[in-house]
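S.K.: Any chance you can model this:
(chains A and B)
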2 protein chains.
Amino acid sequence: MIDLEDTRQIVGARNVIDATTLRDRPQDFWINTPTQALGLVKPADTVELSAILALCHEHGQAVIFEGGRTNLVGATQSNSETLLISLERLNHIGAPDRKGMTIEVGAGAIVEAVQQRCAAEGLRFGLDFGARGSAMIGGALATNAGGFQALRYGVARDQVLGLECVLADGTVLSHLTPYTKDNTGYDLKHLFIGSEGTLGVITRAVLRLHPAPRSVNTALLAFESFDAVAETLGLMRRDLHGTLSSFEIMWAEFFHSNVDALLGGRSPIEGRYPYYILCESEGFDPEEDAALFERVVSQALETGLIADAVIATSSRQRSELWKIREDFEAEMLLFKTMVDFDVSLPVASMEAFVNEVQRRLDEEVPDNLGLHVLGHLGDGNLHVTTGVPTPQGKGKVRALVYALIAGYGGSISAEHGIGVAKRDYLHYSRTPAELATMRLLKGALDPKGILNPGKVI
Amino acid sequence: MIDLEDTRQIVGARNVIDATTLRDRPQDFWINTPTQALGLVKPADTVELSAILALCHEHGQAVIFEGGRTNLVGATQSNSETLLISLERLNHIGAPDRKGMTIEVGAGAIVEAVQQRCAAEGLRFGLDFGARGSAMIGGALATNAGGFQALRYGVARDQVLGLECVLADGTVLSHLTPYTKDNTGYDLKHLFIGSEGTLGVITRAVLRLHPAPRSVNTALLAFESFDAVAETLGLMRRDLHGTLSSFEIMWAEFFHSNVDALLGGRSPIEGRYPYYILCESEGFDPEEDAALFERVVSQALETGLIADAVIATSSRQRSELWKIREDFEAEMLLFKTMVDFDVSLPVASMEAFVNEVQRRLDEEVPDNLGLHVLGHLGDGNLHVTTGVPTPQGKGKVRALVYALIAGYGGSISAEHGIGVAKRDYLHYSRTPAELATMRLLKGALDPKGILNPGKVI
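M.R.: Numbering: from 1, shown residues only, chains lettered A, B, ... in the order given. This next block holds a predicted model:
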């Protein structure tokens, strides 16, 4: 273990928090136990971070990186022997380059602040998710965050043109290129994006931006069958002239639970259907886009593809529709000891998968508290949640669902990452050869295993 | 060295070509010397390829992978001691999944065949470049090809959802996932895409598709200043409602050389301007898109941003305009001993960069035969070509231009890769720390150095 005093020499005393003080704060947003760590260090920039890592590498000191601490997989879990390193002071947000449509930001910049800085210049940062107000760019890239706009702009990885990171031994890898095409040897950035800080720590990035849309059209759609849902996704991707930006699915049980909790049961759509879609188009011509959106929805209603629909006519109504999709308070009350899954699978397999989960749960975990399914259908990404009264029940549900998702060729983590929470289930999605290759890379880049030990692999 | 007979046991005698027979064919499309190699092996599938590599690995046998053999950086150069492995028989093209908008293809599938298979289903494969009729998917992914549509759909890397590849020792890494979101540990696919077969060989991929556009509008624009060009790019990205698909720049010298050669000097635009742009929009509403395209071009003409413009009114005229951009016969005649560059740099630096290249060439290589500059402006990618009468002159020009591009923070290879041709210049774009990290990865994944030795690093 290093002496915390040595880190004070690098970052200054006021940027080091000792173990005792740390116990006053919870581990993260979700886990309310006191933070246990050797200390917390807040470097000001890449140079200080590099010096800290060089020191830790020399002494074989394990480190855990933290950003907004709102991840869902225990990615910042520490113990009394690990040193926490916060990226919060690397929060520089550059001026957006309007011609090149790029922006350079530090790892500590808050996602929402980057969004707003770009919006002020008529530009769109193509990443958005629930934790936008707390998550930092470094964490969003390290976990390859997904969210609501992936259908249109891709995931976090797809936003990155250039990257700077620091290796375990303090080596700085800087390749802050602001252009799309760059084939100069191995693309190192993609190795660090999504590896959750286990191969190196991201310190800065050049992000790709898009013209900010000028129109938004939102609808809630009800469906009698999953086939009709899938058909409508294809139809909207083709017929909305490339403006489709969200296509969010809710199975009835989740939808009505939130309608009951938020709207006193008064659903925006009368009756009860098995599937609901919250879809949104964003374009550049408010009049034309609204007309097109209405036309496409109306035609699908007329042909019977969509059973019923509501198009939001005000931003208040739009927010209300999104709240049904985004709110989780009712679910957290309902499921108490919650077991939740963030999975991907081919759209064509989703209905069978969910039905099988339901059936197996009812047979094998009869005390389950229900099943909520929702997600980003356009990305093949479902969030599946249930509650069980006992810890043993939780383990049973995990084994059951992960084995099922493997059988459907799915991914056990679509957008939340692995952290510590899913590490033991990684083999359901990756072959022994893939896992061996990951370990090989980890060993090559972090031979002493000091970076986020126990995370991912 | 292995005994070629052992490879016949794996792939069958008719799929092995011996050294003598190989000498009857040129090395590749560009290099007309006889192919020198231990032999050429054509595995039928991943299993056979894996067995061949396991054999080679055991004996430390160097291998070179080949696809369409139309790359521009000597990527398939072999010698009498290396074994060639062709991917041509892995040419399976699956049925496009219309709902999921994906297609599974083998590494040997010809790019154009994949494009056509998708088009037949109303889908678009987002990769297109000059060598579409010869290049194979495996090569296009291994070199992370770019081309004409990157502005809209990204480069080769961006088309890939799932990948299968084989490591040096024959280990098969298969992760053929058909969905956008997948955060299950390290993203291995991006390590192999763009590494030019030096870390493993790509055998199969699941590609992302897009709805096929139903309209195309093409214009040739003339500009008085580079600033106006850059301004117009931003304007079109915003105002064409996301339909801009190409924005190709030609400096006057190249443009008029092709106008002279192809059209007998009768330019589609009267007079002579310093910059020409071939731009294209592709959308989903032929009437509305044509009106919008005309409106945006007209307004830019009225404000004086664009000096002159021609909008193609027929597919014949469209082809004629594209031919001015795509044809290189006149250039090859003009420059005889040609030196060409494929570079990226920020759009804001391009004008200064080209002017400095011109000035330095005139001062330091006064016998240069002229300077052609063109490229994919929207991607920050320029192709710069000159001719010099002597081999020493070529070396001088390379050193001069690469040093300049490094000074502008540019990339010495935007879309053609490194191969053997640019290996000695890689340090102009990558730091010693990056190069050391690349070597570390190469050593970890191919410890005996048998995969495409001498390529990239």
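S.K.: can you tell me which residues contact A:Val388?
M.R.: Applying C-beta atoms under 8 Å, 6 or more residues apart in numbering or on different chains to A:Val388 gives the contacts A:337, A:339, A:365, A:367-369, A:394, A:396-397. Heads up, the C-betas are built off the backbone N, CA and C, glycines and all.
S.K.: repeat that with 6 Å
M.R.: Each residue near A:Val388 by C-beta atoms under 6 Å, 6 or more residues apart in numbering or on different chains is listed here: A:365, A:368, A:394, A:397.
S.K.: cool, and A:Gly200?
M.R.: Applying C-beta under 6 Å, 6+ apart, the residues contacting A:Gly200 are A:165, A:167, A:192.
S.K.: make it 10 Å
M.R.: Listed by C-beta atoms under 10 Å, 6 or more residues apart in numbering or on different chains, the contact set of A:Gly200 reads A:53, A:65, A:142, A:163, A:165-169, A:171-173, A:188, A:191-192, A:445-446, A:451, B:437.
S.K.: before we move on, what about A:Glu88?
M.R.: Neighbouring residues of A:Glu88 by C-beta under 10 Å, 6+ apart: A:15, A:42-43, A:66-69, A:106-110, A:136, A:138.
S.K.: of all those, which comes closest to A:Asp3?
M.R.: Taking C-beta to C-beta as the measure, A:Asp3 lies nearest A:Asn15 of the contacts of A:Glu88, at 15.9 Å.
S.K.: And the closest residue in space to the closest one that isn't next to it in sequence, how far from A:Asp327?
M.R.: Once flanking residues are discounted, A:Asn15 sits nearest to A:Lys42: 4.2 Å by C-beta to C-beta, 6 or more residues apart in numbering or on different chains. With distances taken as C-beta to C-beta, to the nearest Å, A:Lys42 is found 34 Å from A:Asp327.
S.K.: And the two? Which one has more around it.
M.R.: When neighbours are counted by other C-beta atoms under 10 Å in any protein chain shown, A:Lys42 comes out ahead of the other of A:Lys42 and A:Asp327, with 23 against 14.
S.K.: domain parsing for chain A?
M.R.: A:4-86, A:102-211, A:215-326, A:329-434 (automatic domain parsing).
S.K.: burial count for the residue of the stretch 301-450 of chain A found nearest chain B?
M.R.: The nearest approach of the stretch 301-450 of chain A to chain B comes at A:Gly380, 3.1 Å away (C-beta to the nearest C-beta). Per other C-beta under 10 Å, the neighbour tally for A:Gly380 reads 28.
S.K.: That one against B:Asp182, yeah?
M.R.: Yes: when contacts are counted by C-beta atoms under 10 Å, A:Gly380 is listed as touching B:Asp182 (8.7 Å).
S.K.: Please, where are all the helices along the stretch 1-150 of chain A?
M.R.: In the stretch 1-150 of chain A, the segments counted as helices under DSSP state H, counting those that start in this stretch are A:4-11, A:19-22, A:46-59, A:111-119, A:137-142, A:150-153.
S.K.: which of the ones you listed is buried the deepest?
M.R.: Of the helices of the stretch 1-150 of chain A, the one with the most neighbours on average (mean count of other C-beta atoms under 10 Å in any protein chain shown) is helix A:137-142, at a mean of 29.
S.K.: I'd like to know how far A:Phe226 sits from A:Lys394.
M.R.: For A:Phe226, the distance to A:Lys394 - C-beta to C-beta - is 28 Å.
S.K.: Neighbour count for those two, which is higher?
M.R.: Set A:Phe226 next to A:Lys394 and count neighbours by other C-beta under 10 Å: A:Phe226 wins out with 20 against 17.
S.K.: residues contacting that one?
M.R.: Applying C-beta under 10 Å, 6+ apart, the residues near A:Phe226 are A:249, A:251, A:274-275, A:347-348, A:350-352, A:354-355, A:377.
S.K.: Touching both of A:Gly380 and B:Asp182, which residues are there?
M.R.: With C-beta under 10 Å, 6+ apart as the test, A:Gly380 and B:Asp182 both reach A:343-344, A:410-411, A:414, B:161.
S.K.: give the contact list for A:Leu40.
M.R.: A:4, A:7, A:15-19, A:21-22, A:25, A:64, A:66, A:78, A:83-86.
S.K.: Taking those, please make a ChimeraX selection of just the buried ones.
M.R.: A single ChimeraX command selects the buried members of those (16 or more other C-beta atoms under 10 Å in any protein chain shown):
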select /A:4,7,15,16,17,22,64,66,78,83,84,85,86
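S.K.: What residue, apart from its backbone neighbours, is nearest the residue nearest the centre of chain A spatially?
M.R.: With distances taken as C-alpha atoms, centre = their mean, A:Ala145 lies nearest the centre of chain A, 3.4 Å away. Spatial nearest neighbour of A:Ala145, chain neighbours left out: A:Ala156 (4.5 Å); criterion: C-beta to C-beta, 6+ apart.
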